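Undergrad: 3D model of this:
(2 chains)
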Amino acid sequence: MRVTLEKFFSRAKDADILITYRGPESGITSKARLRRSSRLLQTVDIKPMNQGRIYFTGHRLYQSADTAGIVAELAAIFHPQLFPAGQKPEYFFELPDNDPGPAAGNKIQSLQENY
Amino acid sequence: MIVKTKRYQGLFLLFLVILFITFVLNVSIGSVRIPFFETCRILGRHLTDSVAGAIIWKIRLPRVLSTLFCGGYLAIGGLLLQVFFRNPIVGPFILGISSGATLMVALVMLAGLSVGLLSIHPFFLSLAAFSGALAVMVVILLVASRVKNVITLLIIGLMTGYVCHAVTSILIAFAEKEKVKGFVLWQMGSFSGFSWQEFYLVLLLGLPLVIGAYLMSKQLNAFLLGEDYAKSMGVNIKVFRFLIVIFSSALAGLVTAFAGPVAFIGLAVPHMARLTFGTSDNKLLIPAVVLFGAVVTALCDLVARTMFSPVELPISAITSFIGAPIVIALLLKRRVAI
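TA: Numbering: from 1, shown residues only, chains lettered A, B, ... in the order given. I've put the predicted structure just below:
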(Lines give C-alpha, C1' and ligand atoms only; values in the text may rest on other atoms or scores of the structure.)
Protein backbone atom coordinates (compact mmCIF):
# COMPACT_ATOMS: atom_id res chain seq x y z
CA MET A 1 0.00 0.00 0.00
CA ARG A 2 1.30 3.42 -0.92
CA VAL A 3 -0.01 6.27 1.23
CA THR A 4 0.04 9.79 -0.20
CA LEU A 5 2.95 11.92 0.98
CA GLU A 6 0.70 14.73 2.19
CA LYS A 7 -1.31 12.34 4.38
CA PHE A 8 1.88 10.90 5.81
CA PHE A 9 3.29 14.37 6.41
CA SER A 10 0.11 15.66 8.11
CA ARG A 11 0.19 12.70 10.52
CA ALA A 12 3.93 12.55 11.09
CA LYS A 13 4.55 16.30 11.45
CA ASP A 14 3.97 16.39 15.22
CA ALA A 15 4.33 12.72 16.05
CA ASP A 16 6.63 11.69 18.89
CA ILE A 17 7.37 8.27 17.49
CA LEU A 18 7.65 6.94 13.96
CA ILE A 19 7.83 3.23 13.21
CA THR A 20 9.15 2.29 9.77
CA TYR A 21 9.80 -1.03 8.07
CA ARG A 22 12.99 0.41 6.58
CA GLY A 23 16.01 -0.66 8.60
CA PRO A 24 19.66 -1.59 8.09
CA GLU A 25 18.71 -4.12 5.41
CA SER A 26 17.45 -1.25 3.24
CA GLY A 27 20.56 0.75 4.07
CA ILE A 28 18.82 2.82 6.76
CA THR A 29 21.12 2.76 9.76
CA SER A 30 20.40 6.21 11.17
CA LYS A 31 17.98 9.14 10.97
CA ALA A 32 20.52 10.96 8.80
CA ARG A 33 20.49 8.11 6.28
CA LEU A 34 16.70 7.96 6.38
CA ARG A 35 16.57 11.65 5.51
CA ARG A 36 19.02 11.17 2.65
CA SER A 37 16.99 8.32 1.18
CA SER A 38 13.65 10.12 1.17
CA ARG A 39 12.55 12.87 -1.20
CA LEU A 40 9.91 14.03 1.30
CA LEU A 41 12.18 14.22 4.34
CA GLN A 42 14.64 16.35 2.40
CA THR A 43 11.88 18.85 1.67
CA VAL A 44 9.83 18.97 4.86
CA ASP A 45 10.59 18.52 8.54
CA ILE A 46 8.80 16.08 10.80
CA LYS A 47 9.17 15.94 14.58
CA PRO A 48 10.44 12.33 14.86
CA MET A 49 13.47 13.28 12.76
CA ASN A 50 14.55 15.92 15.29
CA GLN A 51 13.10 15.57 18.78
CA GLY A 52 11.15 12.34 18.46
CA ARG A 53 12.21 8.74 18.11
CA ILE A 54 12.24 6.48 15.06
CA TYR A 55 12.09 2.70 15.24
CA PHE A 56 12.53 0.11 12.52
CA THR A 57 10.95 -3.32 12.58
CA GLY A 58 12.96 -6.53 12.81
CA HIS A 59 12.34 -9.79 10.94
CA ARG A 60 10.90 -11.42 14.03
CA LEU A 61 7.92 -9.07 14.04
CA TYR A 62 6.52 -10.65 10.88
CA GLN A 63 7.19 -14.22 11.94
CA SER A 64 6.31 -14.14 15.62
CA ALA A 65 3.02 -15.35 17.12
CA ASP A 66 3.89 -13.65 20.41
CA THR A 67 1.26 -10.89 20.13
CA ALA A 68 1.50 -10.10 23.86
CA GLY A 69 5.26 -9.64 23.56
CA ILE A 70 4.84 -7.32 20.57
CA VAL A 71 2.18 -5.24 22.35
CA ALA A 72 4.33 -5.10 25.49
CA GLU A 73 7.28 -3.82 23.47
CA LEU A 74 5.10 -1.19 21.79
CA ALA A 75 3.79 -0.15 25.22
CA ALA A 76 7.38 0.21 26.45
CA ILE A 77 8.14 2.41 23.44
CA PHE A 78 5.11 4.66 24.00
CA HIS A 79 5.34 4.78 27.83
CA PRO A 80 8.98 4.08 28.74
CA GLN A 81 8.48 5.46 32.27
CA LEU A 82 6.19 2.50 33.11
CA PHE A 83 8.72 -0.16 32.17
CA PRO A 84 12.14 -1.08 33.55
CA ALA A 85 14.97 0.44 31.54
CA GLY A 86 17.60 -1.56 29.69
CA GLN A 87 15.38 -4.29 28.28
CA LYS A 88 16.71 -5.80 25.07
CA PRO A 89 14.30 -5.19 22.17
CA GLU A 90 13.14 -8.07 20.02
CA TYR A 91 10.81 -6.51 17.47
CA PHE A 92 11.43 -2.75 17.28
CA PHE A 93 14.86 -1.09 17.21
CA GLU A 94 15.59 2.59 17.63
CA LEU A 95 17.50 4.40 14.90
CA PRO A 96 20.38 6.58 16.12
CA ASP A 97 20.59 10.19 14.92
CA ASN A 98 23.79 9.68 12.97
CA ASP A 99 25.91 6.77 11.93
CA PRO A 100 28.54 6.29 14.63
CA GLY A 101 32.15 6.80 13.55
CA PRO A 102 34.80 4.10 14.12
CA ALA A 103 35.76 5.62 17.50
CA ALA A 104 32.19 5.50 18.77
CA GLY A 105 32.04 1.75 18.25
CA ASN A 106 30.26 -0.14 15.58
CA LYS A 107 26.68 0.59 16.49
CA ILE A 108 25.42 -0.28 13.02
CA GLN A 109 26.85 -3.75 13.45
CA SER A 110 25.06 -4.18 16.76
CA LEU A 111 21.81 -2.90 15.21
CA GLN A 112 22.11 -5.44 12.44
CA GLU A 113 22.92 -8.25 14.87
CA ASN A 114 19.82 -7.46 16.88
CA TYR A 115 17.82 -7.15 13.71
CA MET B 1 -9.87 28.83 -43.95
CA ILE B 2 -10.83 31.73 -41.67
CA VAL B 3 -13.57 29.57 -40.10
CA LYS B 4 -11.03 26.82 -39.47
CA THR B 5 -8.51 29.24 -37.94
CA LYS B 6 -11.20 30.63 -35.65
CA ARG B 7 -12.15 27.08 -34.68
CA TYR B 8 -8.55 26.26 -33.80
CA GLN B 9 -8.19 29.48 -31.82
CA GLY B 10 -11.39 28.63 -29.96
CA LEU B 11 -10.18 25.12 -29.21
CA PHE B 12 -6.80 26.36 -27.96
CA LEU B 13 -8.53 28.89 -25.74
CA LEU B 14 -10.87 26.21 -24.42
CA PHE B 15 -7.96 23.91 -23.62
CA LEU B 16 -6.02 26.69 -21.93
CA VAL B 17 -9.05 27.25 -19.68
CA ILE B 18 -9.30 23.49 -19.02
CA LEU B 19 -5.58 23.46 -18.23
CA PHE B 20 -6.04 26.26 -15.70
CA ILE B 21 -9.02 24.51 -14.09
CA THR B 22 -7.02 21.26 -13.92
CA PHE B 23 -4.18 23.12 -12.21
CA VAL B 24 -6.54 24.67 -9.64
CA LEU B 25 -8.21 21.31 -8.97
CA ASN B 26 -4.87 19.56 -8.52
CA VAL B 27 -3.57 22.17 -6.10
CA SER B 28 -6.74 22.43 -4.02
CA ILE B 29 -7.76 18.75 -3.83
CA GLY B 30 -5.76 16.13 -2.00
CA SER B 31 -5.89 13.47 0.68
CA VAL B 32 -5.51 16.19 3.33
CA ARG B 33 -8.54 18.46 3.12
CA ILE B 34 -7.60 22.13 2.81
CA PRO B 35 -10.51 24.54 2.13
CA PHE B 36 -10.34 26.29 -1.24
CA PHE B 37 -10.09 29.81 0.19
CA GLU B 38 -7.40 28.67 2.61
CA THR B 39 -5.48 27.29 -0.38
CA CYS B 40 -5.81 30.67 -2.15
CA ARG B 41 -4.61 32.48 1.01
CA ILE B 42 -1.61 30.13 1.34
CA LEU B 43 -0.70 30.63 -2.30
CA GLY B 44 -1.25 34.39 -2.25
CA ARG B 45 0.77 35.05 0.90
CA HIS B 46 3.37 32.32 0.31
CA LEU B 47 2.68 30.72 3.71
CA THR B 48 4.88 27.65 4.17
CA ASP B 49 5.15 27.26 7.94
CA SER B 50 1.83 25.58 8.72
CA VAL B 51 1.07 21.95 7.81
CA ALA B 52 -1.33 23.12 5.09
CA GLY B 53 1.24 25.63 3.80
CA ALA B 54 3.96 22.97 3.61
CA ILE B 55 1.57 20.58 1.86
CA ILE B 56 0.59 23.17 -0.74
CA TRP B 57 4.02 24.71 -1.37
CA LYS B 58 6.36 21.77 -0.82
CA ILE B 59 4.29 18.76 -1.84
CA ARG B 60 1.38 19.68 -4.12
CA LEU B 61 2.68 22.59 -6.21
CA PRO B 62 5.95 20.98 -7.41
CA ARG B 63 4.04 17.77 -8.06
CA VAL B 64 1.27 19.45 -10.07
CA LEU B 65 3.66 21.52 -12.17
CA SER B 66 5.91 18.52 -12.83
CA THR B 67 2.89 16.41 -13.80
CA LEU B 68 1.72 19.04 -16.28
CA PHE B 69 5.12 19.33 -17.93
CA CYS B 70 5.89 15.59 -17.89
CA GLY B 71 2.49 14.87 -19.46
CA GLY B 72 3.23 17.34 -22.25
CA TYR B 73 6.69 15.83 -22.81
CA LEU B 74 5.39 12.27 -23.04
CA ALA B 75 2.68 13.28 -25.49
CA ILE B 76 5.19 15.11 -27.73
CA GLY B 77 7.51 12.10 -27.62
CA GLY B 78 4.62 9.92 -28.78
CA LEU B 79 3.55 12.30 -31.54
CA LEU B 80 7.07 12.56 -32.97
CA LEU B 81 7.45 8.80 -33.19
CA GLN B 82 3.95 8.27 -34.60
CA VAL B 83 4.76 10.67 -37.44
CA PHE B 84 8.25 9.25 -37.89
CA PHE B 85 7.12 5.62 -38.10
CA ARG B 86 3.79 6.57 -39.71
CA ASN B 87 2.31 4.09 -37.28
CA PRO B 88 -0.58 4.95 -34.94
CA ILE B 89 0.25 2.39 -32.25
CA VAL B 90 3.71 3.73 -31.54
CA GLY B 91 4.46 5.43 -28.23
CA PRO B 92 7.56 7.10 -26.77
CA PHE B 93 8.60 3.86 -25.09
CA ILE B 94 8.42 1.73 -28.22
CA LEU B 95 12.16 2.04 -28.87
CA GLY B 96 12.96 0.39 -25.56
CA ILE B 97 13.56 3.64 -23.66
CA SER B 98 11.54 2.65 -20.58
CA SER B 99 12.99 -0.87 -20.64
CA GLY B 100 16.51 0.57 -20.61
CA ALA B 101 15.61 2.86 -17.72
CA THR B 102 13.91 0.00 -15.87
CA LEU B 103 16.93 -2.24 -16.35
CA MET B 104 19.30 0.34 -14.87
CA VAL B 105 16.98 0.95 -11.93
CA ALA B 106 16.75 -2.83 -11.42
CA LEU B 107 20.54 -3.05 -11.42
CA VAL B 108 20.71 -0.35 -8.75
CA MET B 109 17.77 -1.45 -6.61
CA LEU B 110 17.89 -5.23 -6.99
CA ALA B 111 21.48 -6.09 -7.84
CA GLY B 112 22.95 -3.55 -5.42
CA LEU B 113 24.87 -1.64 -8.10
CA SER B 114 24.88 1.47 -5.97
CA VAL B 115 28.60 2.37 -6.17
CA GLY B 116 29.14 1.53 -2.54
CA LEU B 117 26.23 3.55 -1.22
CA LEU B 118 24.48 1.86 1.66
CA SER B 119 21.15 3.60 1.08
CA ILE B 120 19.99 4.75 -2.35
CA HIS B 121 19.43 8.47 -2.78
CA PRO B 122 16.29 9.15 -4.87
CA PHE B 123 18.27 11.38 -7.21
CA PHE B 124 20.74 8.55 -7.83
CA LEU B 125 17.79 6.41 -8.90
CA SER B 126 16.67 9.11 -11.35
CA LEU B 127 20.21 9.32 -12.68
CA ALA B 128 20.30 5.54 -13.14
CA ALA B 129 16.97 5.61 -15.01
CA PHE B 130 18.12 8.43 -17.25
CA SER B 131 21.43 6.74 -18.01
CA GLY B 132 19.55 3.52 -18.90
CA ALA B 133 17.26 5.43 -21.25
CA LEU B 134 20.29 7.24 -22.71
CA ALA B 135 22.17 3.96 -23.29
CA VAL B 136 19.25 2.51 -25.24
CA MET B 137 18.95 5.79 -27.14
CA VAL B 138 22.62 5.62 -28.18
CA VAL B 139 22.16 2.02 -29.39
CA ILE B 140 19.10 3.05 -31.42
CA LEU B 141 20.95 6.04 -32.88
CA LEU B 142 23.89 3.88 -33.92
CA VAL B 143 21.46 1.50 -35.60
CA ALA B 144 19.46 4.35 -37.13
CA SER B 145 22.52 5.65 -38.95
CA ARG B 146 22.99 2.25 -40.66
CA VAL B 147 19.42 1.11 -41.22
CA LYS B 148 17.46 2.65 -44.08
CA ASN B 149 14.02 1.29 -43.31
CA VAL B 150 12.18 2.84 -40.35
CA ILE B 151 10.27 -0.39 -39.70
CA THR B 152 13.56 -2.23 -39.18
CA LEU B 153 14.48 0.45 -36.66
CA LEU B 154 11.14 -0.05 -34.92
CA ILE B 155 11.69 -3.81 -34.67
CA ILE B 156 15.23 -3.30 -33.36
CA GLY B 157 13.79 -0.96 -30.72
CA LEU B 158 11.25 -3.57 -29.71
CA MET B 159 13.93 -6.28 -29.51
CA THR B 160 16.16 -4.05 -27.37
CA GLY B 161 13.20 -3.62 -25.06
CA TYR B 162 12.71 -7.38 -24.83
CA VAL B 163 16.38 -7.98 -23.99
CA CYS B 164 16.28 -5.33 -21.23
CA HIS B 165 13.04 -6.81 -19.93
CA ALA B 166 14.55 -10.31 -19.86
CA VAL B 167 17.57 -9.18 -17.81
CA THR B 168 15.25 -7.29 -15.44
CA SER B 169 13.14 -10.44 -14.94
CA ILE B 170 16.25 -12.45 -14.06
CA LEU B 171 17.28 -9.79 -11.53
CA ILE B 172 13.79 -9.90 -9.98
CA ALA B 173 13.98 -13.70 -9.69
CA PHE B 174 17.14 -13.46 -7.58
CA ALA B 175 16.25 -10.37 -5.54
CA GLU B 176 14.99 -10.21 -1.96
CA LYS B 177 11.28 -9.61 -1.56
CA GLU B 178 11.65 -6.25 0.22
CA LYS B 179 13.73 -4.91 -2.66
CA VAL B 180 11.32 -6.32 -5.25
CA LYS B 181 8.49 -4.44 -3.52
CA GLY B 182 10.32 -1.12 -3.88
CA PHE B 183 11.16 -1.90 -7.49
CA VAL B 184 7.59 -2.88 -8.39
CA LEU B 185 6.34 0.40 -6.87
CA TRP B 186 8.85 2.33 -8.99
CA GLN B 187 7.80 0.40 -12.10
CA MET B 188 4.18 1.42 -11.60
CA GLY B 189 5.13 5.07 -12.07
CA SER B 190 4.21 7.96 -9.81
CA PHE B 191 4.54 11.73 -9.71
CA SER B 192 4.69 11.58 -5.93
CA GLY B 193 7.53 13.32 -4.14
CA PHE B 194 8.63 15.79 -6.83
CA SER B 195 10.72 18.54 -5.25
CA TRP B 196 11.20 22.06 -6.64
CA GLN B 197 14.76 21.21 -7.69
CA GLU B 198 13.53 18.22 -9.66
CA PHE B 199 10.80 20.31 -11.26
CA TYR B 200 13.32 22.94 -12.38
CA LEU B 201 15.51 20.19 -13.82
CA VAL B 202 12.56 18.70 -15.75
CA LEU B 203 11.64 22.18 -16.98
CA LEU B 204 15.14 23.19 -18.07
CA LEU B 205 16.01 19.92 -19.76
CA GLY B 206 12.66 19.32 -21.44
CA LEU B 207 11.57 22.75 -22.65
CA PRO B 208 14.36 23.16 -25.27
CA LEU B 209 13.40 19.74 -26.66
CA VAL B 210 9.73 20.77 -26.98
CA ILE B 211 10.73 24.02 -28.72
CA GLY B 212 13.04 22.00 -30.99
CA ALA B 213 10.18 19.65 -31.84
CA TYR B 214 7.95 22.60 -32.70
CA LEU B 215 10.63 24.04 -34.98
CA MET B 216 10.66 20.72 -36.83
CA SER B 217 6.91 20.78 -37.52
CA LYS B 218 7.38 21.73 -41.19
CA GLN B 219 9.70 18.76 -41.77
CA LEU B 220 7.30 16.51 -39.87
CA ASN B 221 4.46 17.60 -42.16
CA ALA B 222 6.59 16.79 -45.20
CA PHE B 223 7.47 13.42 -43.68
CA LEU B 224 3.77 12.58 -43.32
CA LEU B 225 3.59 12.35 -47.12
CA GLY B 226 6.46 9.88 -47.31
CA GLU B 227 10.22 9.84 -47.09
CA ASP B 228 10.69 10.51 -50.82
CA TYR B 229 8.39 13.53 -50.71
CA ALA B 230 10.23 14.86 -47.66
CA LYS B 231 13.53 14.42 -49.52
CA SER B 232 12.17 16.32 -52.51
CA MET B 233 11.16 19.11 -50.14
CA GLY B 234 14.77 19.42 -49.03
CA VAL B 235 14.54 17.54 -45.72
CA ASN B 236 17.84 15.94 -44.78
CA ILE B 237 16.48 12.52 -43.84
CA LYS B 238 19.59 11.36 -41.97
CA VAL B 239 19.68 14.43 -39.72
CA PHE B 240 15.89 14.42 -39.35
CA ARG B 241 15.88 10.76 -38.25
CA PHE B 242 18.68 11.46 -35.79
CA LEU B 243 16.84 14.45 -34.30
CA ILE B 244 13.48 12.66 -33.98
CA VAL B 245 15.04 9.72 -32.13
CA ILE B 246 17.03 12.06 -29.85
CA PHE B 247 14.08 14.35 -29.06
CA SER B 248 11.50 11.65 -28.40
CA SER B 249 13.87 9.40 -26.45
CA ALA B 250 15.25 12.24 -24.35
CA LEU B 251 11.74 13.46 -23.48
CA ALA B 252 10.57 9.96 -22.55
CA GLY B 253 13.80 9.23 -20.69
CA LEU B 254 13.55 12.47 -18.73
CA VAL B 255 10.02 11.68 -17.50
CA THR B 256 10.90 8.04 -16.75
CA ALA B 257 13.91 9.16 -14.74
CA PHE B 258 11.77 11.10 -12.27
CA ALA B 259 8.34 9.47 -12.42
CA GLY B 260 9.05 5.92 -13.57
CA PRO B 261 7.41 4.49 -16.69
CA VAL B 262 4.07 6.24 -17.28
CA ALA B 263 2.03 4.26 -19.77
CA PHE B 264 -0.52 5.36 -22.35
CA ILE B 265 -0.03 9.16 -22.44
CA GLY B 266 2.49 9.08 -25.28
CA LEU B 267 0.44 6.58 -27.24
CA ALA B 268 -3.07 7.94 -26.82
CA VAL B 269 -2.83 11.69 -26.33
CA PRO B 270 -1.64 12.41 -29.91
CA HIS B 271 -4.77 10.56 -31.14
CA MET B 272 -6.99 12.57 -28.82
CA ALA B 273 -5.50 15.84 -30.06
CA ARG B 274 -5.59 14.79 -33.71
CA LEU B 275 -9.21 13.71 -33.50
CA THR B 276 -10.39 16.71 -31.49
CA PHE B 277 -8.66 19.27 -33.69
CA GLY B 278 -9.43 17.31 -36.86
CA THR B 279 -6.04 17.98 -38.38
CA SER B 280 -2.70 16.29 -38.99
CA ASP B 281 -0.81 19.60 -39.33
CA ASN B 282 2.01 19.31 -36.82
CA LYS B 283 2.32 23.06 -36.44
CA LEU B 284 -1.06 22.95 -34.71
CA LEU B 285 -0.78 19.45 -33.32
CA ILE B 286 2.42 19.97 -31.34
CA PRO B 287 1.03 22.75 -29.07
CA ALA B 288 -2.31 20.91 -28.94
CA VAL B 289 -0.61 17.68 -27.88
CA VAL B 290 1.33 19.52 -25.15
CA LEU B 291 -1.92 20.95 -23.76
CA PHE B 292 -3.77 17.63 -24.02
CA GLY B 293 -0.88 15.69 -22.50
CA ALA B 294 -0.64 18.10 -19.57
CA VAL B 295 -4.40 18.06 -18.88
CA VAL B 296 -4.88 14.29 -19.23
CA THR B 297 -1.83 13.44 -17.11
CA ALA B 298 -2.71 15.92 -14.36
CA LEU B 299 -6.32 14.68 -14.21
CA CYS B 300 -5.14 11.06 -14.06
CA ASP B 301 -2.71 11.97 -11.28
CA LEU B 302 -5.53 13.66 -9.39
CA VAL B 303 -7.66 10.52 -9.65
CA ALA B 304 -4.70 8.31 -8.68
CA ARG B 305 -4.10 10.17 -5.43
CA THR B 306 -7.66 10.95 -4.40
CA MET B 307 -9.81 8.01 -5.52
CA PHE B 308 -8.85 5.70 -2.65
CA SER B 309 -7.17 8.33 -0.49
CA PRO B 310 -4.92 8.05 1.51
CA VAL B 311 -3.84 5.08 -0.59
CA GLU B 312 -2.28 6.20 -3.85
CA LEU B 313 -2.93 4.21 -7.01
CA PRO B 314 -0.28 3.72 -9.71
CA ILE B 315 -0.58 6.45 -12.33
CA SER B 316 -0.21 4.03 -15.26
CA ALA B 317 -3.31 2.13 -14.14
CA ILE B 318 -5.37 5.33 -14.21
CA THR B 319 -3.94 6.66 -17.48
CA SER B 320 -4.85 3.41 -19.24
CA PHE B 321 -8.19 3.02 -17.48
CA ILE B 322 -9.44 6.51 -18.33
CA GLY B 323 -7.65 7.05 -21.61
CA ALA B 324 -8.36 3.82 -23.48
CA PRO B 325 -12.17 4.24 -23.61
CA ILE B 326 -11.75 7.89 -24.63
CA VAL B 327 -9.53 6.93 -27.55
CA ILE B 328 -11.91 4.14 -28.61
CA ALA B 329 -14.87 6.56 -28.48
CA LEU B 330 -12.95 9.17 -30.48
CA LEU B 331 -11.86 6.60 -33.06
CA LEU B 332 -15.44 5.42 -33.55
CA LYS B 333 -16.42 9.00 -34.31
CA ARG B 334 -13.23 9.70 -36.17
CA ARG B 335 -13.09 12.50 -38.63
CA VAL B 336 -9.49 12.27 -39.80
CA ALA B 337 -7.23 9.41 -40.75
CA ILE B 338 -4.59 8.45 -38.21
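
Undergrad: biggest helix in the chain by residues?
TA: Answering for chain A, as no chain was given. helix A:67-78 (DSSP state H).

Undergrad: that's the other chain; I wanted chain B
TA: Per DSSP H, chain B has its longest helix at helix B:2-28.

Undergrad: buried ones in the helix or strand hosting B:Phe242?
TA: Element membership for B:Phe242 (DSSP states H and E) is helix B:237-259. Within helix B:237-259, the residues that count as buried by 16 or more other Cβ atoms under 10 Å in any protein chain shown are B:240-241, B:243-259. All C-beta spots, glycine's among them, are computed from the backbone N, C-alpha and C.

Undergrad: for chain A, which spans come out with low pLDDT?
TA: A:1-2, A:100-115 (pLDDT under 70).

Undergrad: for it, which residues are neighbours of chain B?
TA: A:1-10, A:13, A:21, A:25-29, A:33-34, A:36-40, A:42-44 (Cβ under 8 Å from any Cβ of the partner chain).

Undergrad: chain A: helices as residue ranges?
TA: Using DSSP H, helices in chain A cover A:5-12, A:31-37, A:39-43, A:47-50, A:59-63, A:67-78, A:107-114.

Undergrad: can you count the residues close to A:Gln81?
TA: 6 (other Cβ atoms under 10 Å in any protein chain shown).

Undergrad: quick one: contacts for it?
TA: By Cβ atoms under 8 Å, 6 or more residues apart in numbering or on different chains, the contact set of A:Gln81 is empty.

Undergrad: any buried residues in stretch A:56-71, and which?
TA: A:56-58, A:60-61, A:70.

Undergrad: how far does it sit from the chain's center?
TA: 14 Å (Cα atoms, centre = their mean, to the nearest Å).

Undergrad: and that stretch, end to end?
TA: End-to-end distance for stretch A:56-71: 15 Å, by Cα to Cα, to the nearest Å.

Undergrad: what does it contact?
TA: Contact partners of stretch A:56-71, identified using Cβ under 8 Å, 6+ apart, comprise A:19-24, A:28, A:89-93, A:95, A:114-115.

Undergrad: so which of those are in strands?
TA: Counted as lying in strands by DSSP state E, out of the contacts of stretch A:56-71, are A:19-20, A:92-93.

Undergrad: neighbour count added to the residues you listed, as CSV?
TA: Shown next, in CSV, are these (neighbours: other Cβ atoms under 10 Å in any protein chain shown):
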residue, neighbour count
A:Ile19, 16
A:Thr20, 15
A:Phe92, 20
A:Phe93, 18
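
Undergrad: closest one to B:Ile59 out of those, please.
TA: Using Cβ to Cβ, A:Thr20 comes nearest to B:Ile59 of these, at 18.9 Å.

Undergrad: do you know how far the closest one is from B:Ala273?
TA: 43 Å (Cβ to Cβ, to the nearest Å).

Undergrad: ditto for B:Gly266
TA: 12 Å.

Undergrad: more crowded one of those two?
TA: Between B:Gly266 and B:Ala273, B:Gly266 has the larger neighbour count (other Cβ under 10 Å), namely 33 against 26.

Undergrad: give me the pLDDT for the closest residue to B:Val262 other than its chain neighbours.
TA: Of all residues beyond its chain neighbours, the one nearest B:Val262 is B:Gly189 (4.4 Å), with distances taken as Cβ to Cβ, 6 or more residues apart in numbering or on different chains. Note on B:Gly189: pLDDT of 86.

Undergrad: what residues does the stretch 151-300 of chain B have near chain A?
TA: Residues of the stretch 151-300 of chain B lying near chain A (Cβ under 8 Å from any Cβ): B:176, B:178-179, B:182, B:185, B:190, B:192-195, B:198.

Undergrad: please check the residues of chain A next to chain B and keep the buried ones.
TA: For those, buried by 16+ other Cβ under 10 Å: A:2, A:4-10, A:13, A:25-29, A:33-34, A:36-40, A:42-44.

Undergrad: show me what contacts B:Ala257?
TA: So B:Ala257 contacts B:101, B:126-127, B:129-130, B:133 (Cβ under 8 Å, 6+ apart).

Undergrad: closest to B:Thr48 out of those residues?
TA: B:Ser126 (24.5 Å).

Undergrad: number of residues surrounding that closest one?
TA: 22.

Undergrad: quick revisit: now flag whichever of the contacts of B:Ala257 is closest to B:Thr319.
TA: Taking these together and measuring to B:Thr319 by Cβ to Cβ, the closest member is B:Ala101, at 17.3 Å.

Undergrad: for the closest one, pull up the helix or strand it's in.
TA: helix B:97-109.

Undergrad: the residue most central in space within chain B sits in which helix or strand?
TA: Per Cα atoms, centre = their mean, the C-alpha nearest to the average position across chain B is that of B:Leu74, at 2.4 Å. Using DSSP H and E, B:Leu74 sits within helix B:61-85.

Undergrad: now the stretch 151-300 of chain B, which segments are flagged as low pLDDT?
TA: For the stretch 151-300 of chain B, the ranges with pLDDT under 70 are B:178.

Undergrad: and the residue of chain A nearest chain B?
TA: A:Gly27 (3.2 Å; Cβ to the nearest Cβ).

Undergrad: count of residues packed around B:Gly189?
TA: Neighbour number of B:Gly189 under other Cβ under 10 Å is 22.

Undergrad: same thing with B:Gly10?
TA: Neighbour tally, B:Gly10, other Cβ under 10 Å: 10.

Undergrad: what's it in contact with, if anything?
TA: So B:Gly10 contacts nothing (Cβ under 8 Å, 6+ apart).

Undergrad: and it, how far is that from B:Leu16?
TA: In terms of Cβ to Cβ, B:Gly10 sits 11 Å off from B:Leu16.

Undergrad: what sits against the closest residue to B:Ile89 other than its chain neighbours?
TA: Closest residue to B:Ile89 apart from its sequence neighbours, by Cβ to Cβ, 6+ apart: B:Leu267 at 7.0 Å. The contact partners of B:Leu267, taken as Cβ under 8 Å, 6+ apart, are B:78, B:89-91.
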